[in-house]
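**Q** Show me the folded form of this:
(one chain, ligands or ions: 1)
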Amino acid sequence: MTSTGTTAQLMIGTDLAAEMVAKAAERAKKLQDETGVQPCLATVLVGDDLASATYVRMKQNRSKKAGIGSRSVVLPAETTTEELVAELTKLSEDPEVHGILLQHPVPAQIDERAAFEAIDPAKDVDGVTMHAFAAMAFGEPGFRSCTPGGILRLLEAYDVPLEGAHAVVIGRSPILGKPVGMLLLASNATVTYTHSRTRDLADIVRTADIVVAAVGKANFVRGDWLKPGAVVIDAGYNEGNVGDVHFEEAAQVASLITPVPGGVGPMTISLLLEQTVDAAERLR
Ligand SMILES: Nc1nc2c(c(=O)[nH]1)N[C@@H](CN(C=O)c1ccc(C(=O)N[C@@H](CCC(=O)O)C(=O)O)cc1)CN2
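**A** From the prediction side, this is the model:
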């Protein structure tokens with residue numbers, strides 16, 4: 001394995017995420033004091049996936065701590081697209097709900113895109129609608145997909161130069177790979193998308209100044225895939241809190257690396273809360 005002979009600096013998300021939540025909490029309180037409106041996030045969980053239920057619970061608990069109200073909708077695994085769309089439309093029309101989160105993934109029989117599009121763009125605090133995608137692609141203001149938006153905040157906090165940098169994104173999911181590439185491109189990085197059918201993946205990754213691993217396979221990216229000094233963002237959230245990057249190997253080669261847990265994950269929920277307060281302020 002190629003090695004820089006040093007251990008990479010950690011890009012810690014936890015503290016930055018806590019600061020974001022504290023600021024969101026202050027704004028939520030101010031809004032409530034001044035107008036009587038408490039920001040409210042509606043979470044929608046379909047089916048009985050344990051990990052998804054845990055993430056939704058984390059979102060609700062952190063909302064509560066930040067003084068953000070939450071509304072919980074849990075639907076059975078056999079829910080149809082039409083039923084889910086009807087539920088999301090109802091929440092979109094409810095004036096007491098400011099943000100809507102549909103937990104991904106949904107059961108296979110559901111058309112996830114149709115469901116996401118049933119969310120009013122003004123309440124799309126998770127950045128999953130085509131409206132939000134267009135804003136991200138054009139570098140316009142708007143709600144960002146939460147993990148990608150959180151990654152950009154981390155890169156900024158650690159002064160990682162994006163302009164002209166070659167960023168290789170591994171994965172093309174609608175909540176992670178696709179939007180993170182769009183945000184990097186809007187920041188003038190040169191972006192290469194790779195995925196499960198990409199040939200010579202390791203060779204492509206070796207050309208990256210910034211690697212974003214969003215593939216959903218534990219320890220998939222190895223140390224000898226990395227250019228010495230690369231910045232490595234591990235957006236994996238595999239079972240047992242294991243990332244997509246083989247951390248011990250990668251940390252010997254990278255200059256900066258996000259740990260799992262404590263890197264990208266906490267940024268996801270903090271941005272969701274921040275954007276819920278944004279939505280409440282705008283919708284007031
Ligand atoms: N609609 C969405 N669905 C999903 C998203 C999303 O952003 N929107 N992201 C992922 C999972 N996810 C949130 O839903 C998520 C995953 C992990 C974490 C996190 O903070 N992890 C911690 C460790 C977990 C722990 O403390 O127990 C960490 O990395 O430090 C937050 C959110 C899938 N679906």
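**Q** all contacts plus neighbour counts: C-alpha atoms, from now on.
**A** Noted.
**Q** quick one, phi psi at R206?
**A** Dihedral angles phi and psi of R206 (degrees, to the nearest 10) take the values phi -60, psi -10.
**Q** now the spatially most central residue of the chain, nearest residue through space, not along the chain?
**A** Residue closest to the average C-alpha location in the chain (C-alpha atoms, centre = their mean): T147, at 1.3 Å. Leaving out its chain neighbours, the residue that sits closest to T147 by C-alpha to C-alpha, 6 or more residues apart in numbering is T268, at 4.5 Å.
**Q** Make sure I have this right: the one you found is in a strand.
**A** No - counting by DSSP: H, G, I helix; E, B strand; the rest coil, T268 is located in no strand; its state is helix.
**Q** which residues does it contact?
**A** 146-150 (C-alpha atoms under 8 Å, 6 or more residues apart in numbering).
**Q** about what we covered before: which SS class is the residue nearest to the centre of the chain?
**A** helix.
**Q** Quick check, pLDDT for it.
**A** The score at T147 is 98. That number is its pLDDT.
**Q** hang on, isn't it packed against P174?
**A** No - between T147 and P174 there is no contact under C-alpha atoms under 8 Å: 11.1 Å.
**Q** Let's see the distance spanning stretch 164-180 from one end to the other.
**A** By C-alpha to C-alpha, to the nearest Å, the extent of stretch 164-180 from end to end equals 16 Å.
**Q** So what's the gap between it and the chain middle?
**A** Offset of stretch 164-180 from its chain centre (C-alpha atoms, centre = their mean, to the nearest Å): 11 Å.
**Q** Would you mark the buried spots in that stretch?
**A** By neighbour count with 16 or more other C-alpha atoms under 10 Å, stretch 164-180 contains the buried residues 165-172, 174-180.
**Q** Just give me the closest of these to the ligand.
**A** I175 (6.1 Å; C-alpha to the nearest ligand atom).
**Q** For the closest one, give me its contacts.
**A** 104, 128, 145-148.
**Q** could you redo the last one with a cut-off of 7 Å?
**A** Applying C-alpha atoms under 7 Å, 6 or more residues apart in numbering, one finds that I175 lies in contact with 128, 145.
**Q** is it fair to say it lies in a strand?
**A** No - counting by three-state DSSP, I175 is located in no strand; its state is coil.
**Q** Over to it: give its phi and psi.
**A** Dihedral angles for I175 - degrees, to the nearest 10 - are phi -100, psi -10.
**Q** separation between it and E19?
**A** 24 Å.
**Q** Kindly report the same for H104.
**A** 26 Å.
**Q** ditto for H98
**A** 22 Å.
**Q** which one of these two has more residues nearby?
**A** H98 (31 against 12; other C-alpha atoms under 10 Å).
**Q** residues in contact with the more buried one?
**A** H98 touches 39-41, 123, 276, 279-280, counting by C-alpha under 7 Å, 6+ apart.
**Q** Any of these buried? List them.
**A** Counted by 16+ other C-alpha under 10 Å, the contacts of H98 give 39-41, 123, 276, 279-280 as buried.
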